[in-house]
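S.K.: Everything below, folded, please.
(one chain, ligands or ions: 2)
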Amino acid sequence: MLLPDRKEEATRDKRKYKTVKYSIDSKSKNKYKGKTFYLKTYGCQMNERDSETLAAMLKQLGFKEEKDYRKADFLLLNTCSIRENAHNKAFGMLGRFKHLKQTRPEIVIGLCGCMAQETSVCEELLKNYKFVNLVFGTHNLDKLPILVDKAFSSDERQIEVYSREQDLVEDLPVIRSNKYKAYVNIIYGCDKFCTYCIVPYTRGRERSRKKEDILKEVDTLVKDGYKEITVLGQNVNAYGKDLYDDYFMGELLEDIAKTGIPRIRFMTSHPWDFTDKMIEVIGKYDNIMPSVHLPVQSGSSKILKLMGRRYTRESYLELFDKIKKIVKNVTISTDIIVGFPGETEEDFEETLSLCEYCKYDNAFTFIFSVRRGTPAEKLKDNTTLKEKEGRLYRLNEVVNKYFLENNKKLEGKVVKVLVEGNSTKSNMYYGYSETNKLINFTSKKDITVGDIVDVKITSAKTWSLDGEVVE
Ligand code: 5AD
Ligand code: SF4
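M.R.: Ligands and ions are numbered 1, 2, ... in the order given. The predicted structure follows:
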């Protein structure tokens with residue numbers, strides 16, 4: 001048994017990590033033919049991408065995917081720790097698995113991902129969730145075949161969570177969930193240590209993949225007919241800093257643009273690392289989508305300092321204005337936390353006024369959720385939950401107003417949409433515009449999923465737009 005340790009998770013060193021190649025031994029291939037797995041994913045795109053690899057590894061072992069957990073032989077939750085409610089959802093699901101185990105004791109239950117990296121969660125699992133057979137963290141995901149084998153062949157619980165990142169593993173198998181849109185990891189981990197955030201502990205230090213490995217993956221996606229990639233990292237802007245002296249996110253984005261993939265998105269960007277080179281490249285290449293996710297978290301410099309965000313209200317706005325000026329028709333979205341410890345009514349009003357200025361195209365708004373072992377846990381918090389809920393409500397009123405106002409400006413305009421599928425309404429398709437807006441539309445001519453079509457916008461709503469394909 002190997003449990004995570006928060007102190008070790010927090011340490012960073014200059015040790016060079018190795019890049020190793022994944023392989024599965026031939027005896028394991030198809031060993032579990034006839035068995036099925038159920039995999040549920042919580043949280044961010046990084047977890048979704050990890051699950052595409054987990055599913056592929058299980059399929060190599062011979063498992064078939066089963067969408068109904070009640071029928072599966074192996075049940076795995078890939079979990080998220082970002083806020084308390086993510087925890088609650090996963091524990092709720094474990095409750096259902098417990099009932100199932102009573103009628104089908106032969107099933108194997110596993111939990112992996114960010115929650116597994118938390119000592120308190122592992123302790124809880126050990127004490128009160130004895131029916132969970134297998135726990136592994138984000139640092140040994142590639143060891144799934146070995147761990148599954150152990151879990152199926154022994155009654156002993158397998159708990160193997162490393163506190164520190166291991167080698168960077170290439171050539172992991174992947175079964176992508178979409179035929180036209182793909183996620184491409186470029187950097188793992190985060191070294192920013194924002195005081196509220198658990199990610200630097202659960203995902204480890206920043207580790208960039210080698211540019212050759214990334215570009216090879218994108219080239220393959222181009223050959224396979226993919227239309228859009230989203231370049232992923234907890235903080236993509238830190239790309240290359242741990243690996244190269246003169247090759248960073250701007251250079252990488254430019255090389256990715258040159259592969260000719262029709263659409264490139266990237267997320268998430270920390271305002272602190274957003275360079276002029278990046279802005280120049282985003283503005284220059286038509287296949288880099290003019291849509292930037294730029295989390296602000298708060299409009300008050302005092303709160304930003306307490307959050308450890310390394311920028312002020314003023315420097316954020318300077319960057320915001322620069323991106324708006326240089327990247328034509330860019331849309332900017334953001335993340336905001338309300339009710340951070342120490343946030344007064346005046347601080348919150350600064351967040352509102354910043355939103356009035358930025359008129360974001362999308363915003364993900366959250367109430368501060370205290371995470372065990374983060375510096376913010378120790379800060380004094382005088383705001384009641386009721387007040388925090390009131391602030392969230394007022395904030396949403398402001399941001400929603402601008403979503404609609406911005407969308408209205410698109411009425412009558414023609415936008416390019418990557419067709420993703422038929423929407424629930426009959427004869428309607430849906431897809432996203434270059435600026436990442438959800439478009440529901442009709443078409444008189446034949447179109448198929450994966451096409452990029454011109455759509456004239458007929459009416460705007462707060463979270464989507466309606467339109468019709470231009471003849
Ligand atoms: N409480 C509330 N929101 C959080 N986020 C990260 N940690 C917390 C927390 N402890 C939000 C931030 C981040 C987004 C992914 O989740 O806004 O940008
Ligand atoms: Fe968390 Fe801050 Fe890193 Fe984002 S940049 S993952 S908010 S520590």
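
S.K.: which parts of the stretch 51-200 of the chain sit against ligand 1?
M.R.: Residues of the stretch 51-200 of the chain lying close to ligand 1 by C-beta under 6 Å from any ligand atom are 82-83, 196-197. For every residue, glycine as well, the C-beta is placed using N, CA and C.

S.K.: Could you point out which of these is nearest to ligand 2?
M.R.: Cys197 (3.1 Å; C-beta to the nearest ligand atom).

S.K.: Lowest-scoring secondary structure element of the chain by mean pLDDT?
M.R.: The helix or strand of the chain with the lowest confidence, counting by mean pLDDT, DSSP states H and E, is helix 6-10 at a mean of 79.

S.K.: Could you pull out the buried residues of that helix?
M.R.: Within helix 6-10, the residues that count as buried by 16 or more other C-beta atoms under 10 Å are 6, 9.

S.K.: now for that helix, which elements pack on it?
M.R.: helix 199-203 (3 or more C-beta pairs under 8 Å, 6 or more residues apart in numbering; DSSP states H and E).

S.K.: from the middle of its chain, how far away would the helix it packs on be?
M.R.: 13 Å (C-alpha atoms, centre = their mean, to the nearest Å).

S.K.: Hmm, Phe368 is touching Thr195, no?
M.R.: No - in this structure Phe368 lies outside contact range of Thr195 using C-beta atoms under 8 Å: 10.6 Å.

S.K.: Can you pick out the residue with more neighbours from those two?
M.R.: Phe368 (21 against 18; other C-beta atoms under 10 Å).

S.K.: Any figure for the gap between the residue of the chain found nearest ligand 1 and ligand 2?
M.R.: Nearest to ligand 1 in the chain, going by C-beta to the nearest ligand atom, is Asp335, at a distance of 3.4 Å. To ligand 2, Asp335 is 8 Å away according to C-beta to the nearest ligand atom, to the nearest Å.

S.K.: For that residue, which non-adjacent residue is closest in space?
M.R.: Residue nearest to Asp335 in three dimensions, not counting chain neighbours: Pro295, with 3.8 Å by C-beta to C-beta, 6 or more residues apart in numbering.

S.K.: Please name the residues that touch the one you found.
M.R.: For Pro295, the residues meeting the contact criterion (C-beta atoms under 8 Å, 6 or more residues apart in numbering) are 268-271, 334-336.

S.K.: swap in Ile447?
M.R.: Taking C-beta under 8 Å, 6+ apart, one finds 419, 429, 453, 469 in contact with Ile447.

S.K.: So how do I select the buried members of those residues in ChimeraX?
M.R.: Selecting the buried subset of the contacts of Ile447 in ChimeraX, with 16+ other C-beta under 10 Å as the burial test, is done by:
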select :419,429,453,469
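
S.K.: could the contacts of Ile447 go into TSV alongside pLDDT, distance to Asp213 and secondary structure?
M.R.: Compiled in TSV, the contacts of Ile447 are given as follows (pLDDT from 0 to 100; distance: C-beta to C-beta, whole Å; DSSP: H, G, I helix; E, B strand; the rest coil):
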residue	pLDDT	distance to Asp213	secondary structure
Val419	97	30	strand
Tyr429	95	35	strand
Val453	97	33	strand
Val469	97	38	strand
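
S.K.: Keep the contacts of Ile447, but drop any that are not near ligand 1.
M.R.: Among those, ligand 1 is touched by none when using C-beta under 6 Å from any ligand atom.

S.K.: list the residues that contact both of Phe368 and Thr195?
M.R.: The contact lists of Phe368 and Thr195 share Ala376, where a contact means C-beta under 8 Å, 6+ apart.

S.K.: Quick check: bridge partners of Ile332?
M.R.: For Ile332, the beta-bridge partners under DSSP bridges are Val292.

S.K.: Was I right to think it contacts Leu319?
M.R.: No - counting by C-beta under 8 Å, Ile332 does not reach Leu319; the two are 10.1 Å apart.

S.K.: Show me the common contact partners of these two, please.
M.R.: Joint contacts of Ile332 and Leu319 (C-beta under 8 Å, 6+ apart) are Leu294.

S.K.: residues from this structure in reach of ligand 2?
M.R.: Counting by C-beta under 6 Å from any ligand atom, the chain sits next to ligand 2 at 190, 192-194, 197, 199-200, 234-235, 270.
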